[in-house]
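Peer 1: okay, predicted coordinates and the sequence, questions at the end:
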Amino acid sequence: MANSDRFCDRREKAVHRFLLFSALMLTGIFAAGCADDSAQCYTATGDVAIAACSRLIASGRLSSSDLGLAYIKRGIAYRVKGDDDRAITDLNEAIRLDPKYTIAYTNRGYAYHNKGDYDRAIADYDQAIKLDPKHAEDYVNRGYAYDSKGNYDRAIADYDEAIRLNPKHANAYNNRGNAYDNKGDYDRAIADFNEAIRLNPNDAVFYDNRGYAYDNKGDYDHAIAEYNQAIRLDPKYANAYNDRGYAYDNKGDYDRAIADYNQAIKLDPKYASAYAHRGNAYRQKSDIERAIKDLSEAIHLSPDYIPAYTYRGLAYEKMSDLDRARADFNAAVTLRAGNMTPTTQAARNIARERLTALGEGNAAAAAGPVASTPSILPGDASPPPAASGRR
């Protein structure tokens with residue numbers, strides 16, 4: 001998903017954005033007579049690897065140790081394909097065969113993370129670290145899981161340990177920068193992104209994240225320069241277009257913002273955030289029909305994306321459809337958000353305020369107290385919110 005791309009495990013780019021893929025260090029020799037399948041299972045990827053590993057597993061000729069390795073390799077192939085349930089099933093079997101397979105815990109944790117089950121992911125990374133406490137990647141992965149839960153201090157502690165173990169771990173600096181950014185400590189975030197870029201000056205994600213921190217400081221021109229560099233390095237990086245569009249949004253340049261959101265959506269047609277922000281830009285231009293169409297698509301793609309409900313509620317309110325506006329504001333107030341970033345909190349605060357203004361004060365109060373985050377969304381006032389977490 002595009003939104004996870006700011007983490008390098010990442011995910012994580014951590015993929016990214018944000019988690020790191022574990023390298024499969026398979027050792028040992030597969031059973032005689034399975035040479036071709038063992039070679040493909042070991043070296044191939046995707047469906048080719050899955051088919052070869054499946055034949056090996058079904059052959060009945062593997063030792064317990066080699067069978068576990070085949071399950072691990074097939075589980076990783078499923079995970080990379082996005083089939084996390086099958087990946088978990090295979091990795092469960094590998095762990096049953098040998099509870100000391102560190103890489104099985106690491107990859108199962110990654111699959112659980114992809115499914116949003118951060119507690120199980122953390123439990124698996126705990127076990128991997130217990131088995132190999134000097135493996136920096138597992139601290140990075142566990143830190144990312146804590147980050148996804150909104151526990152930024154524990155995330156930073158894990159990234160600190162990863163950096164202690166490997167001071168040249170660019171992704172650990174990147175992810176720690178993201179955690180500081182989420183805490184609103186933008187200067188420390190920028191310092192970490194600087195170090196990540198020094199260690200790896202050709203990673204577009206690092207420039208995008210540094211731009212994001214400058215954006216959060218209100219330095220939109222500097223942010224745009226960083227996004228430009230990210231796009232130069234990776235012209236197909238949808239996040240950079242979305243983020244640059246957001247910076248143009250904050251400058252009130254809605255046409256340029258829409259052009260960037262268009263490109264982000266072209267590159268990633270399921271990018272909910274890009275639809276939401278393009279819809280909000282159309283709302284700012286009073287093109288309410290297009291705004292509602294985009295915001296509805298964002299909600300279809302990501303039903304728990306709170307800012308889309310607030311933006312759409314504001315659009316409905318602008319066209320005097322108050323029943324639909326109230327319904328969207330109520331959704332923004334009551335939906336459960338796993339990681340309550342300042343941008344999400346600002347959207348929730350605005351929804352509460354609008355419900356009160358529209359005579360729904362009791363419903364707004366029932367959802368809990370308003371946080372101290374300013375109730376400002378891009379284009380609605382100056383200055384715009386200090387967003388953190390992917391928009």
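Peer 2: Nice, I can see it. Every value quoted in this text rests on a predicted model; they were computed, and no experiment measured them.

Peer 1: so which strand or helix has residue 99?
Peer 2: Following DSSP states H and E, there is no helix or strand that holds residue 99.

Peer 1: how about it, phi and psi?
Peer 2: With angles defined as degrees, to the nearest 10, residue 99 sits at phi -70, psi 0.

Peer 1: pull the longest helix from the protein.
Peer 2: Identified as the longest helix of the chain according to DSSP state H is helix 64-81.

Peer 1: report the mean confidence score over that one.
Peer 2: Averaged over helix 64-81, pLDDT sits at 94.

Peer 1: what's the weakest-modelled helix or strand in this protein?
Peer 2: Within the chain, no helix or strand scores below strand 19-20, which has a mean of 32 by mean pLDDT, DSSP states H and E.

Peer 1: buried ones in the very next helix or strand once past that one?
Peer 2: Next in sequence after strand 19-20, counting helices and strands by DSSP H and E, comes helix 35-43. For helix 35-43, a neighbour-count test (16 or more other CB atoms under 10 Å) marks 37, 38, 40, 41, 42 as buried. Every residue, glycine included, has its C-beta placed from N, CA and C.

Peer 1: low-confidence ranges in the protein?
Peer 2: Filtered on pLDDT under 70, the chain yields the residue ranges 1-35, 338-340, 342, 360-391.

Peer 1: redo that, cut-off 90
Peer 2: Low-confidence segments of the chain, defined by pLDDT under 90: 1-40, 42-44, 150, 182, 336-346, 359-391.

Peer 1: ranges for the helices of the stretch 101-250 of the chain?
Peer 2: Secondary structure of the stretch 101-250 of the chain (DSSP state H, counting those that start in this stretch): helices located at 102-114, 118-131, 136-148, 152-165, 170-182, 186-199, 204-216, 220-233, 238-250.

Peer 1: buried sites along the helix or strand that the last one is followed by?
Peer 2: Heading C-terminal from helix 238-250, the first helix or strand you meet, by DSSP H and E, is helix 254-267. Buried residues in helix 254-267, defined by neighbour count with 16+ other CB under 10 Å: 254, 256, 257, 258, 259, 260, 261, 263, 264, 265, 267.

Peer 1: next up, the contacts around the fifth one.
Peer 2: With contacts defined as CB atoms under 8 Å, 6 or more residues apart in numbering, residue 259 is in contact with residue 245.

Peer 1: what residues are up against residue 323?
Peer 2: By CB under 8 Å, 6+ apart, no residues touch residue 323.

Peer 1: that one: what secondary structure?
Peer 2: Taken by DSSP: H, G, I helix; E, B strand; the rest coil, the conformation at residue 323 corresponds to helix.

Peer 1: roughly how far does it sit from residue 357?
Peer 2: For residue 323, the distance to residue 357 equals 15 Å [CB to CB, to the nearest Å].

Peer 1: what's the longest helix of the chain packed up against?
Peer 2: helix 35-43, helix 46-59, helix 84-97, helix 102-114 (3 or more CB pairs under 8 Å, 6 or more residues apart in numbering; DSSP states H and E).

Peer 1: out of these, deepest packed?
Peer 2: For these, the largest average neighbour count (mean count of other CB atoms under 10 Å) is found in helix 102-114, namely a mean of 26.
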